[in-house]
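# Structure for this input, please:
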Amino acid sequence: MDCTFCRILEGRFEGTVLEDGEHGVVILDRNQAARGHLLIIPRRHVTLWHELEPAVVAEMTAMAHRWARVLVETLRPDGYNLLMNNGAAAGQDVPHAHLHVTPRWTGDGYYRFGGKVEVLAEEDVVALVTALRAAFARQAMA
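Below you'll find the predicted structure:
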């Protein structure tokens, strides 16, 4: 498999790693959506967030928290996004899980919220909540 992030983890792109952890690394994204755009990548090649081990998720989350603070202190953005695309339909373009930490400035045009929303009818809310709770209970027992 030819994975850009696996190549980074193998050391083929020097100078982009900002933090090197047990389960993952923080890198400066060479394809900057905004100045300071970072990626947090798990060491093991896993495609989707829900497939990651809990220890990996915990470390990646802690890294995101630390580096969001660094970005805010250093670059003084108006805000920032934490974003993970899972699957092509969600916009994932590298099939190796990765969490974006992207500084944002008012009017930067990077990503707009406010797309299509659907207000569910009460019976749809009940049916969806029931199905989700049942699936959650099955997973908790596994």
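
# CA atoms for contacts and neighbours, from now on please.
Will do.

# Okay, buried residues for stretch 60-74 please.
Buried positions in stretch 60-74, judged by neighbour count with 16 or more other Cα atoms under 10 Å: 60, 63-64, 67-68, 71-72.

# which residues touch the residue nearest the centre of the chain?
For the chain, the residue sitting closest to the mean C-alpha position, by Cα atoms, centre = their mean, is Leu99 at 2.3 Å. Residues near Leu99 by Cα atoms under 8 Å, 6 or more residues apart in numbering: 39-41, 60, 82-85.

# now do 10 Å
When contacts are counted by Cα atoms under 10 Å, 6 or more residues apart in numbering, Leu99 touches 26, 38-42, 49, 60-61, 64, 81-86.

# quick one on the thing from earlier: would CSV of the buried residues of stretch 60-74 with pLDDT be doable?
Formatted as CSV, the buried residues of stretch 60-74 follow (pLDDT from 0 to 100):
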residue, pLDDT
Met60, 97
Met63, 96
Ala64, 97
Trp67, 96
Ala68, 96
Leu71, 95
Val72, 95
